[in-house]
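**Q** When you get a sec, could you give me coordinates for this:
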Amino acid sequence: MTTELTLLNDRMPRLGWLDIAERKSGAIRLAPAEAQPEPKNLRRIKSEVQRRWGVVPLVDMRKEAVLRTGCLDAVTSVSGGGSLSAEVLAERLLLVIYAYGTNTGIKAVASGGHGHTEDELRYVRRRYLTPETARQIAIEIANATFAARSTELWGQGSTAVASDSTHVRAYDQNLFTEWHSRYGGRGVLIYWHVEKKSLAIHSQLINCTASEVAAMAEGAMRHGTTMDVEANYTDSHGQSEIEFGVTRLLNFDLLPRIKRINNVKLYRPVAGEPDAYPQLTPALTRPIRWELIAQ
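**A** You can find the predicted model right below:
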């Protein structure tokens, strides 16, 4: 850690976006980040995709993913049996996943001209589509996407994810519904882990009062895909001082946005060297008590 602080101290004069000085509002100040330029060929790619494929229905995209990945092959009944043929089961699972994934609802989806009734779809939902099954389907699609990506087009595989929660409103009668003070409404929280190229590798249901710090570590450890997570970007709610040490032990870097960074204090690595890091002095406080950490 002493070496890292020394390097940081040496590089400080060249960081135009960082200013550390004595001030009442806090020692650390970050300059606003400048907007990055739009990639040179982005508009041309969008135009070509629109010209070649136009608007593709979402259910057709899901069907193509199922055919290419075989993600429904391992789906079995919760009772271990089942008399439905593989083709019929796949069609009904596609419709049920579409109903829940788009929030359209099974009743509305059942009104289409596909030949499957609402009762048949609800039966498949109860007997086949468990939370664990849905998670395994998502893992299969993610792994197939990683394997199919061309490095010439997409570059090397990503090793970083970004995580955050989404507040989903729910009826009061739902046993999981809670009031969330920050979002100002009743519902539940879904905590997502999304890799650099916008593919979700993990999602989990958490309570509105639960710590997002624990959810961040849980998803980075137990996403179940072939991705090797080496870094996790998150917001202020997904980080804590203790978690910086925990993620280091778990062998991935915690890279949060700290909202109140102007109030952050840095601890000196050793005692007796008050002038060792002159560029960091305004933000430094007492030495670290290593003996307490060892205990």
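
**Q** Burial check on residue 222, number of neighbours?
**A** Number of residues near residue 222 (other C-beta atoms under 10 Å) recorded here: 10. From N, CA and C alone the C-beta is placed, and that goes for glycine too.

**Q** Hmm, I typed the wrong one, I wanted residue 147.
**A** 9.

**Q** residue contacts, it?
**A** Counting by C-beta atoms under 8 Å, 6 or more residues apart in numbering, residue 147 makes contact with residue 226.

**Q** average model confidence for whichever strand or helix holds it?
**A** Using DSSP states H and E, residue 147 sits in helix 131-148. For helix 131-148, the mean per-residue pLDDT is 92.

**Q** again with stretch 59-74
**A** 90.

**Q** Flag every buried residue along that stretch.
**A** Judged by neighbour count (16 or more other C-beta atoms under 10 Å), stretch 59-74 contains these buried residues: 59, 62, 65-66, 69, 71-72.

**Q** Find the nearest non-adjacent residue to residue 124, please.
**A** Once flanking residues are discounted, residue 124 sits nearest to residue 92: 4.3 Å by C-beta to C-beta, 6 or more residues apart in numbering.

**Q** so how far is residue 167 from that neighbour?
**A** 30 Å (C-beta to C-beta, to the nearest Å).

**Q** If you count surrounding residues, which of these two has more?
**A** Taking other C-beta under 10 Å, residue 92 and residue 167 do not tie; residue 92 has more neighbours (22 against 16).

**Q** Quick check: that one touching residue 121?
**A** Yes - shown here, residue 92 and residue 121 form a contact pair, counting by C-beta atoms under 8 Å, at 5.8 Å.

**Q** Show me the strands in the stretch 51-200 of the chain, by range?
**A** Here the stretch 51-200 of the chain has its strands, by DSSP state E, counting those that start in this stretch, at 160-169, 178-180, 185-195, 200-206.

**Q** can I get the buried residues of stretch 59-74 in CSV with distance to residue 205?
**A** Listed next are the buried residues of stretch 59-74 as CSV, based on distance: C-beta to C-beta, whole Å:
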residue, distance to residue 205
59, 25
62, 22
65, 23
66, 24
69, 24
71, 21
72, 23
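
**Q** Name the nearest residue to residue 250, ignoring sequence neighbours.
**A** Leaving aside its chain neighbours, residue 250 sits nearest to residue 221 (6.3 Å; criterion: C-beta to C-beta, 6+ apart).

**Q** Find me the pLDDT at that neighbour, would you?
**A** We have a pLDDT of 93 for residue 221.

**Q** Validate this expectation: it resides in a helix.
**A** Yes - assignment of residue 221 by DSSP: H, G, I helix; E, B strand; the rest coil places it within a helix.

**Q** what comes into contact with stretch 78-88?
**A** 73, 76, 89, 92, 124, 126-128, 130.

**Q** What's the end-to-end length of that stretch?
**A** 17 Å (C-alpha to C-alpha, to the nearest Å).

**Q** Quick one: mean pLDDT for it?
**A** The predicted confidence, averaged over stretch 78-88, sits at 79.

**Q** buried stuff in it?
**A** Buried positions in stretch 78-88, judged by neighbour count with 16+ other C-beta under 10 Å: residue 84.

**Q** Go through stretch 227-236 and flag the buried ones.
**A** Neighbour-count burial for stretch 227-236, counted by 16+ other C-beta under 10 Å, picks out 227, 229, 231-235.

**Q** same question for it, mean pLDDT?
**A** Stretch 227-236 comes out at a mean pLDDT of 94.

**Q** Now do it: distance to the chain's middle.
**A** Averaging C-alpha positions (C-alpha atoms, centre = their mean, to the nearest Å) puts stretch 227-236 8 Å from its chain's average.

**Q** what about it, start to end distance?
**A** End-to-end distance (C-alpha to C-alpha), stretch 227-236: 25 Å.

**Q** dump the residue contacts of the residue nearest to the spatial centre of the chain.
**A** Closest residue to the average C-alpha location of the chain: residue 193 at 1.5 Å, with C-alpha atoms, centre = their mean. By C-beta under 8 Å, 6+ apart, the residues touching residue 193 are 161-163, 200-203, 219-220, 223, 232.
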